[in-house]
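S.K.: Build me a model from this:
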Amino acid sequence: MDNVLNVNTQFKKKDIDIFLTSRKKPYLITAEQVIEYWDKKNWLTVKGEKIKSIAALVNVANSYITENKRKECLLPAIDETNRRNRQNEWSQKRSQYYDQLEMLQWKSYREFIFTVRGRKCEICGNEKKLNIHHVKYINNRFAWEYLPSDVLVVCESCHRNIHKIPHY
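M.R.: Numbers count the residues shown, from 1 in each chain. Here you go, the predicted structure:
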């Protein structure tokens, strides 16, 4: 491996090792990583030219490798931030929906649905703890702006089953 590494370069592994260890503040990469990086690029720059100095050879590889390590370290934090953002969006939508359920329009609509569809669960026949289930939600529509055919009267237990919410 002490021989020249590739036809496109005059450098040797030993030269790269010496350069990496000659600084007061050592590089965080190894000669093997530098060689692996440049082997993939056939020891040519983006412009297709040969590398002219060991410093350029090491600095480019160092920048690339340390940037990738930094990104790998950041990925879990980015994923967590994205998860929190999605959770906050869902929470806000849910909050808006629950606010609607306190409005007079919803209470009137709910009574109307019970009058039209009956006061018993359309799945199991239970007559207690009844909910109105929207079969399909439509964006930008209030909870009371659905046709009676777009909702079901269901008991709390069946409603939880529909939404796959565990029973406690």
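
S.K.: How is this protein partitioned into domains?
M.R.: 13-85, 103-162 (automatic domain parsing).

S.K.: tell me how far the ends of the first one are from each other?
M.R.: It stands for domain 13-85. End-to-end distance of domain 13-85: 47 Å, with CA to CA, to the nearest Å as the criterion.

S.K.: ok now it, how far from the chain's centre?
M.R.: Here domain 13-85 is found 27 Å from its chain centre; the criterion is CA atoms, centre = their mean, to the nearest Å.

S.K.: likewise the last one?
M.R.: Averaging C-alpha positions (CA atoms, centre = their mean) puts domain 103-162 34 Å from its chain's average.

S.K.: Can you name the residues in contact with the helix or strand hosting Gln33?
M.R.: Using DSSP states H and E, Gln33 falls within helix 31-40. Residues from elsewhere that reach helix 31-40, judged by CB atoms under 8 Å, 6 or more residues apart in numbering: 5-6, 9, 13, 16-17, 20, 51, 57-58, 60-62, 64-65. C-beta: built from backbone N, CA, C; applies to glycine.

S.K.: 6 Å - rerun?
M.R.: Residues outside helix 31-40 that contact it (CB atoms under 6 Å, 6 or more residues apart in numbering): 13, 16-17, 58, 61, 65.

S.K.: Right, I'll leave it there.
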